[in-house]
Structure formats: structure tokens, C-alpha cells
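Enquirer: below are the sequence and a predicted model; questions follow.
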Amino acid sequence: MKKLLILTPAVLLLAACATSAPINTDKKVESTYSCEDNGKVTASYATDGSAADLNITLPKVGLNNQKVIVTQAVSGSGARYTNMSNPKLGFEWQTKADYGVMTVHSSNGQNYSVNCTI
């Protein structure tokens with residue numbers, strides 16, 4: 001399920017454009033996931049499940065403590081969150097039970113996905 005295609009550093013610098021204001025809730029549920037390729041995702045979920053604050057470290061694509069706000073999207077099973085606000089770089093976080101998949105989408109059609117577990 002892992003696809004690695006070379007993402008240019010210039011595209012990764014645009015990742016900062018994918019951030020927005022933190023989730024405005026008093027209570028959050030936080031989980032930390034260990035991922036393939038020495039990756040890590042820490043997710044703080046809004047109590048109503050509508051959004052999550054992610055802190056993403058994926059060394060293979062040059063992300064180190066990248067903060068991204070993702071909002072709930074349609075999912076067949078489990079939960080799915082996306083942030084496609086930056087036309088150059090998008091993020092997709094899918095979870096079910098103790099398992100997650102983090103995908104980084106670039107504007108040139110190249111994707112990078114890693115499997116993660118709590």
C-alpha cells in the first residue's frame with residue numbers, strides 16, 4: 001500500500017500553506033501513531049469528530065513536525081480526514097481502530113503513503 005515517488009523539496013515547502021487555525025474545542029482526544037519509514041503522526045481529534053490537528057513527521061518526504069488541520073470526509077469504514085487547501089500538496093489521514101494510513105498528495109500526481117499503528 002506504500003507508494004513512494006520523489007517529491008521535490010520546493011513542493012514540501014508549500015506544506016505550510018496547508019495549515020489553518022487550531023481546532024476550537026475545549027476537549028480533544030489525542031493519539032500518537034508510529035509509522036513505516038520512521039514516521040510519526042500525532043492526532044488531536046475534536047470531540048465531535050469533525051476535525052483533527054495533526055503533527056506529521058515523515059522523513060522520506062522531508063516533513064518534520066508539520067502541523068496540519070484536517071476535516072472529516074466521507075469514509076466507507078473507519079474515519080477519514082483531508083486537507084486539500086494547498087493546490088501543490090494535500091494530506092489524507094484514514095483511521096480504523098488502532099490503525100492509520102497517512103497519504104501525502106502532490107500536484108503532479110505523485111503520492112506517498114505509510115501505514116501507522118498506535
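Expert: Structure's in. What do you need?
Enquirer: CA only for contacts and neighbour counts going forward, please
Expert: Fine.
Enquirer: next, the buried residues of the longest strand that the chain contains.
Expert: Longest strand in the chain by number of residues (criterion: DSSP state E): strand 63-73. For strand 63-73, the neighbour count (16 or more other C-alpha atoms under 10 Å) marks 63, 66-72 as buried.
Enquirer: show me the strands in the chain, by range?
Expert: Under DSSP E, the chain gives strands at 28-35, 39-46, 51-58, 63-73, 79-86, 89-96, 99-106, 111-117.
Enquirer: mean pLDDT added to the ones you listed, as JSON lines?
Expert: Converted to JSON lines, the strands of the chain look like this (pLDDT from 0 to 100):
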{"stretch": "strand 28-35", "mean pLDDT": "93"}
{"stretch": "strand 39-46", "mean pLDDT": "97"}
{"stretch": "strand 51-58", "mean pLDDT": "97"}
{"stretch": "strand 63-73", "mean pLDDT": "96"}
{"stretch": "strand 79-86", "mean pLDDT": "94"}
{"stretch": "strand 89-96", "mean pLDDT": "96"}
{"stretch": "strand 99-106", "mean pLDDT": "96"}
{"stretch": "strand 111-117", "mean pLDDT": "97"}
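Enquirer: out of the buried residues of strand 63-73, who's nearest Ser50?
Expert: Gln72 (5.1 Å; C-alpha to C-alpha).
Enquirer: roughly how far apart are the closest one and Gly78?
Expert: 11 Å (C-alpha to C-alpha, to the nearest Å).
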